[in-house]
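Colleague: sequence first, predicted coordinates after that:
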Amino acid sequence: MTERQFAGALAIAVIGMLAAIGLPLSSEPAMALYGRPLPLTATLAAAALFAAAGLLPPVWSIAAGFAGVVIGCAMSLDLLGDPAIAGNAAFGFWLPVLATWLAAGLCVTRLANLRPRDNAVARTVNLAIPLLFGAMVIYLWEVAVRGFGVPAVLMPSPGATAVRFVHSLPMLWADFVQTFILGMLTGYVIGCGAGFMVALIAHRYRFLGQGLLPIGNFVSALPIVGIAPIMVMWFGFDWPSKAAVVAIITFFPMLVNTLAGLAAAGHIERDLMRSYGAGHAQTLGKLYLPAAMPFIFNALKINSTLAFIGAIVAEFFGTPTQGIGFRISIEAGRMALDVVWAEITLAAIAGMAFYGIVALAERATTFWHPSYRT
Amino acid sequence: MPVLAVVLALLAIWYVGAVLMNMKLVRDGFEREETKYTTAELIAGTMTAERPLLAAPHQIVATFADDIFGYPPNSPRSLIYHSAVTLSATFLGFVMGAVFGIFLAILIVQFRTLEKSLLPWIICSQMVPILALAPIFIVVLGAIGVHGLFPKALISAYLCFFPVTIGMVKGLSSPDPIQRDLMRTWSATPSQVFWKLRWPSAVPLLFASLKVAITISLIGAIVAELPTGGQAGIGARLLAGSYYGQTIQLWAALLAASMLAAGLIALVGLTERAAARAMGARS
């Protein structure tokens, strides 16, 4: 995008902000922006900052642009506090929202096109871009839900979800322990551990390995979650059945990946170990396992998402009265969608945190791998 | 040969497991009727129990064959009927997910901003246990009057767009800078660069990710039938089997699901080979 296009698009945003001042805010009778001193000041300030962003050099223009975006967002959220506007928002309300969105998009684009030379700055920028993008999506979601007056039965606003999340922390914690720690984590450890051990044995005895690899490949493509009702029948409603489902689901990807990884050690290295007179255990510990690490971590990552799905699906077939999957299906049936979304937020945070921990462990263990060298 | 040996060994383990796990059940049955029984009768009983803890493989195959051939294909007792219901959701979801995934990948490859802002969220979206969303989709879509196939297909699509997007982003950006420079010296337009360079070099990765996507799509369709309390489909069959303790029926449904998965992968594989031949690959 050229400087001209950037400035031109920002000019549209400025015009949008200014034009909104005279337009009606609501389809109900309500005071327009010019009669509300605080939002009026905010609108003017945001418009001024957008204009400044179009004229300043890149780094300053981004700062000015985002300052304007924050003010614009705060202004429209404040307006939604007026019951005459929430649910009946009219063009005068949506125009600043759209203008703010446009300005935010432009600033993020400009931020993404910056090529900072310093590594630390580049990393911060690369982290900031998706966060800003996410914040903007949540803002638009909030404004759309409240501005159009979408009934809470269909889609609660992010704000309502956050309030519900904070208010029902004890319940969420109990569900988290039941599904995540007892059900998923136990099964994950058992399944990955068993897959790893079997792979080691299959690697030692070639015949077994040749037989297991195609079968493992085939089975890991099957819809194994279907085993959930049988496990519930065997192990009862409580967490052991969930752990069993998770263990079976995670077993095969681990087996296949570890076998592939153990085969990844090069011929030269193997010959070198042989010429050192290394035994099987030594070769395994010093050559095969380190070479297999990237594959093993790949399986751990795949399994972290599979395991969560398995634990939640198993809860659809019967649970004691807690657990994320149980709560979601019960509360969705009662149309309490804010609880459902709070549970989903919990699941998302837990899932991402778990994946993040696995990824960090991978970085710490396989820092030597070419994919991390820059 | 090793595969055959391992399969036979697994079957043997299965039979031993079936005998051991069903033993108590059968013994209780004999004792309740106060009949005398021999060990041979006991073992025979474990093989033919009506609601075994672990069904023996031959029982599963028999029920499977019976469910397929024993009823007319449109009867709700026929596995063909249930498979067709699940398959239609799988296909619809797969097509929606694949098209959406390719579309996203094209956007991401064309716009650098999207690669930086959207791609991390796409990856994060997979850390979220998406199946947890299934009941909400159903409830929300049901509230605005959408029932039946579409909500299920939507869950399948949500699950299977991800591998397509990731694979296509990788594939579309796989041409070397040298090749792109060559296109520039020929003064190719962006659309020419896309259709003559980027797209052909992405096709192998596209099919690799489509194979992953179609199995995920099947899983999505099956799981989506659970919270909907679906009347038909393999997932509904699993749910009914678990409610009424019909273990053999459960296993037969699982067998059907596995066969569907294998068939779907083979189908994508065939398409891949046809596409490769059409693009001039020599096998």
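Modeller: Happy to help now that I have it. A quick note: this is a predicted structure, and the numbers were derived from the prediction, not measured.

Colleague: mind listing the strands for the stretch 201-350 of chain A?
Modeller: For the stretch 201-350 of chain A, applying DSSP state E, counting those that start in this stretch gives no strands.

Colleague: show me the shaky parts of it.
Modeller: Across the stretch 201-350 of chain A, nothing is flagged by pLDDT under 70.

Colleague: just the strands from the stretch 101-250 of chain B, written as ranges.
Modeller: Listed in chain order (using DSSP E, counting those that start in this stretch), the stretch 101-250 of chain B turns out to have no strands.

Colleague: ok, B:Asn168 touching B:Ala208?
Modeller: Residue B:168: Met, not Asn. No. When contacts are counted by CB atoms under 8 Å, B:Met168 is not listed as touching B:Ala208 (10.4 Å). Every C-beta, even on glycine, is put in place using the N, C-alpha and C of the backbone.

Colleague: looking at those two, which is more packed in?
Modeller: More crowded of B:Met168 and B:Ala208, by other CB atoms under 10 Å in any protein chain shown: B:Met168, with 27 against 16.

Colleague: walk me through the domains of chain B.
Modeller: Split into domains by automatic domain parsing, chain B comes to B:2-54, B:79-278.

Colleague: residues contacting B:Ile219?
Modeller: Remark: with contacts taken as CB atoms under 8 Å, 6 or more residues apart in numbering or on different chains, B:Ile219 is in contact with A:223, A:225, B:159.

Colleague: stretch B:90-102 close to chain A?
Modeller: No. Interface with chain A: stretch B:90-102 contributes nothing (CB under 8 Å from any CB of the partner chain), its closest point being 10.2 Å away.

Colleague: outside of that stretch, which residues touch it?
Modeller: With CB under 8 Å, 6+ apart as the test, stretch B:90-102 has contacts from B:149-150, B:152-165, B:168, B:206, B:209-210, B:213-214, B:217-218, B:220-221, B:260, B:264.

Colleague: check which residues of it are buried.
Modeller: Buried residues in stretch B:90-102, defined by neighbour count with 16 or more other CB atoms under 10 Å in any protein chain shown: B:90-94, B:96-98, B:100-102.

Colleague: want to throw these into JSON lines with secondary structure and pLDDT?
Modeller: Output for those, formatted as JSON lines (DSSP: H, G, I helix; E, B strand; the rest coil; pLDDT from 0 to 100):
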{"residue": "B:Thr90", "secondary structure": "helix", "pLDDT": "91"}
{"residue": "B:Phe91", "secondary structure": "helix", "pLDDT": "91"}
{"residue": "B:Leu92", "secondary structure": "helix", "pLDDT": "92"}
{"residue": "B:Gly93", "secondary structure": "helix", "pLDDT": "92"}
{"residue": "B:Phe94", "secondary structure": "helix", "pLDDT": "93"}
{"residue": "B:Met96", "secondary structure": "helix", "pLDDT": "93"}
{"residue": "B:Gly97", "secondary structure": "helix", "pLDDT": "93"}
{"residue": "B:Ala98", "secondary structure": "helix", "pLDDT": "93"}
{"residue": "B:Phe100", "secondary structure": "helix", "pLDDT": "93"}
{"residue": "B:Gly101", "secondary structure": "helix", "pLDDT": "92"}
{"residue": "B:Ile102", "secondary structure": "helix", "pLDDT": "92"}
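
Colleague: specify which member of these is nearest to chain A.
Modeller: Nearest to chain A among the buried residues of stretch B:90-102: B:Thr90, at 10.2 Å, using CB to the nearest CB.

Colleague: once you drop chain neighbours, what's closest to that closest one?
Modeller: Distances taken as CB to CB, 6 or more residues apart in numbering or on different chains place B:Ala221 nearest to B:Thr90, at 4.4 Å, with adjacent residues excluded.

Colleague: if we can go back for a sec, just the buried ones from the contacts of stretch B:90-102, in ChimeraX syntax?
Modeller: Selecting in ChimeraX just the buried members of these, where the criterion is 16+ other CB under 10 Å, is done with this command:
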select /B:152,153,154,155,156,157,158,159,160,161,162,163,164,165,168,206,209,210,213,214,217,218,220,221,260,264
